[in-house]
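J.: kindly return the folded structure for what I paste below:
(chains A and B)
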Amino acid sequence: MRKTPWGPPGLRKRVSLMFGLVALLISVLVAVTTYAVARHYLWGQRQDVALRQAFSNARTVELALGSGQPQVNRLLVQIDASAGQAASPLLEWKSHWYDRRFPPGFESLPTALVSMAEDGDAGMQRVHTRAGLVLAVAIPVEQGVYVEVFSLRELEATLSTLALIFAFTTTLATFVGVLIGQWASRRALHPLTSVTAAALSIARGDLGTRLPRQADPDLGPIADAFNSTATELEDRVQRDARFAGNVSHELRTPVTAMVNAVDILGGKADLLDAEGREVLGFLTGDVHRFAQMVRDLLETSRIDAGAVEMRKEEVPLWSYVREVADRRAGRPVTVGEAENPHVMIDPRLMEGVVENLLDNAERYGNGVVRVSVEQGDGVARIMVDDAGPGVPPESRERIFERFARISPPPSEGGDVGGVGLGLALVAENVRLHGGRVWVADSPEGGARFVVQLPLVVQ
Amino acid sequence: MSATPTSVLLVEDEPRIRRLLQIALRDEGYRILEAPDGGSALATVGDNAVDVVVLDLMLPDLDGFEVCRRLRRDSDVPIIVASAKADSHDIVAGLEAGADDYVVKPVVAKELSARIRAVLRRSRQETSRSGRVTSGAVDVWPRQGVVTLNGAEVALTTTEFRLLEQLAERLGEVVSREVLLERVWGHEFVSDTRLLDVHVSRLRSKIEDDPSRPRHVVTVRGIGYKLTA
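T.: Prediction:
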């Protein structure tokens, strides 16, 4: 299939992207929810543990403070040792802070929390300190406040690991979603691939191509419709071909009889009187023109029916044109040899092109002046110049139509003349070769017919 | 014309065409034999001295291709197919069935006559080369009209021989398609490369070990053919 890099994305791409998007949304939703729940739970746990530990330690402190002369610093060392690394005890007692266990110091604690405890209400708050995020629990004790600070570093590490894992699984899920989308769309579109292949095969001329019957209710009608269209097309083409064959035979046979009959009569013209010879002259001319028209018409219909078999080969154009043109003209008319570009042509068909252009120059252009070949940008051109009045600009397109009728220049007078099929055949044949033909002015004033063909890619 | 006129067998089912061509070709100096169908055509060639056969492909009894094959099996009389069938595959099939030339109707007697002269001229033409021309295992004696492959004589039709002879005359040089068509078929009316291609492939099938990879008659792309020295 053709790729369109900047066009809208294809059906398969869109299906894959949709799968990826859905996978992304679902996995993000799951990950965010799970993370929130886990975070909430872990926080709750940490708080419970911290509160229980802080209250238990606060009671120990209160008991010790109530026993006359307390050793405050030793007490805190004991508590610190039992609380583990994640917790640090602080004590405000009789307006003095014992905070050596907590390097950021009591100043880093929120004053609102401390003053609330001083007023008799226990409190808890998350605080950002030099030592990172901590949970501070402040509990009122006799003549002071006991504060225990719990490090949250471990919890944060756990949560960030969890977040990382979720991010990774989300990405993975999206990727897998795209892959599944690709696989699914390929499977779903596979029957269309075979339809495409079958259509291409028909386009190449294999009219007998059919799709296998499909059991799938969605695809069955497509295959059936395709097959019946193909059958109709095949019938039609065969009918046309038979018709063209019959017409060809039916026309060629009487025309053969007519041309030979007038030729035989021409050989016996001396048996006729002057008027008889004059009439025979008209008849002979018309019969031969008619025969040529039948040939051209049948050739045109063969092109229309796509029945022309191209046998292309690489040909040095100037050498080829010289052979064909000089032989047809009966004298050297091909000039120059500076350029001999190579083109891919069917020599037989292109010979018809060159001969038709020479005939045209002979019949309507007072004879051919010269035939030349030139090479352009990726193209080669055959140019046939004649000595006639030229083709008026308004007729330059129409002259290549079948049986075009062209008005001669006013200076010439005379009737509107039909150019028959010769130039239309030229145009058709050049088109079959992937080229184009047009008419311009010759530098010497006549018409210049130009056939442009693609160069052989080296 | 020589004292004994060339006899042409017209195989044509359409009586008017047959009659008209008979008159026109007789006026050109040929002796005309006529056959309205394939069976009588084969019988006429068997019984008479026929120099050239002009054969229509659409016949009431036998297929024209079949008549062509049978004629070719029994003799090397030159066959010119004159048919309303203009499709490429018909032309190639006619030539492969053994026809020496193929002309699409409508055909005028003058063109037919020129083609008849061409197929006859080549079987009688004197050649400039005498002696032997050698290309590998193939030896050509132009004057005697003999070709041998590894010393054994090869049966070529006159057209195949003329083709090889033209290549042999310029041994080792490229001979263009146009020159071959003109010298072998005398074509001044149309040159049909299919004519040349089919005859070259028939020639190859007789003198090449592997016709798909020819070593004697080689193609020079875009120009023509040459016989390797």
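J.: got the contact list for the helix-or-strand element of chain B with minimal mean pLDDT?
T.: With mean pLDDT, DSSP states H and E as the measure, the helix or strand of chain B carrying the lowest mean pLDDT is helix B:109-124 (a mean of 80). With C-beta atoms under 8 Å, 6 or more residues apart in numbering or on different chains as the test, helix B:109-124 has contacts from A:260, A:263-264, B:6, B:8, B:20-21, B:24-25, B:27-28, B:30, B:51-52, B:54, B:78, B:80, B:82, B:100-101, B:103, B:158-159, B:162, B:184-189. C-betas here are computed from N, CA, C, even on glycine.
J.: tell me the residue of the stretch 51-200 of chain A that sits nearest chain B?
T.: Using C-beta to the nearest C-beta, A:L200 is the residue of the stretch 51-200 of chain A that sits closest to chain B, at 23.1 Å.
J.: count of residues packed around that residue?
T.: 11 (other C-beta atoms under 10 Å in any protein chain shown).
J.: coming back round to it: of the contacts of helix B:109-124, select the buried ones using a ChimeraX command.
T.: To isolate in ChimeraX the members of the contacts of helix B:109-124 that are buried, counting by 16 or more other C-beta atoms under 10 Å in any protein chain shown, one can use:
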select /A:260,263,264 /B:6,8,20,21,24,25,28,30,51,52,54,78,80,82,100,101,103,158,159,162,184,185,186,187
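J.: now B:H89: how far from A:G434?
T.: Separation of B:H89 from A:G434 (C-beta to C-beta, to the nearest Å) stands at 23 Å.
J.: these two: which has the busier surroundings?
T.: Neighbours per residue, other C-beta under 10 Å: of B:H89 and A:G434, the larger number sits with A:G434, 13 against 10.
J.: for the record, mean pLDDT for the longest strand along chain A?
T.: Criterion DSSP state E: the longest strand present in chain A is strand A:132-141. In this model, strand A:132-141 has an average pLDDT of 89.
J.: got any ranges where the chain has weak pLDDT?
T.: You didn't pick a chain, so chain A it is. Chain A contains residues with pLDDT under 70 at A:1-7, A:406-419, A:458.
J.: the chain in question should be chain B.
T.: Using pLDDT under 70, chain B drops low at B:1-3, B:122-130, B:187-192, B:222.
J.: state the distance from the residue positioned nearest the centre of it to chain A.
T.: Centroid check for chain B by C-alpha atoms, centre = their mean gives B:D100 as the closest residue, at 2.1 Å. Using C-beta to the nearest C-beta, to the nearest Å, B:D100 is found at 18 Å from chain A.
J.: surely that residue meets B:L156?
T.: No. In this structure B:D100 lies outside contact range of B:L156 using C-beta atoms under 8 Å: 11.8 Å.
J.: now do the strands in chain A.
T.: Shown for chain A, the strands assigned by DSSP E span residues A:87-93, A:96-98, A:123-129, A:132-141, A:144-151, A:313-316, A:342-345, A:368-375, A:379-386, A:405-406, A:417-418, A:436-441, A:447-454.
J.: most tightly packed of the ones you listed?
T.: Highest mean neighbour count among the strands of chain A (mean count of other C-beta atoms under 10 Å in any protein chain shown): strand A:144-151, with a mean of 26.
J.: show me what that strand is packed up against.
T.: Strand A:144-151 sits against helix A:11-65, strand A:87-93, helix A:111-118, strand A:132-141, with contacts defined as 3 or more C-beta pairs under 8 Å, 6 or more residues apart in numbering or on different chains; DSSP states H and E.
J.: adding distance to A:V324, write the ones you listed out as JSON lines.
T.: Below are the helices and strands packed on strand A:144-151 laid out as JSON lines (distance: least, C-beta to C-beta, whole Å):
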{"stretch": "helix A:11-65", "distance to A:V324": "51"}
{"stretch": "strand A:87-93", "distance to A:V324": "105"}
{"stretch": "helix A:111-118", "distance to A:V324": "106"}
{"stretch": "strand A:132-141", "distance to A:V324": "94"}
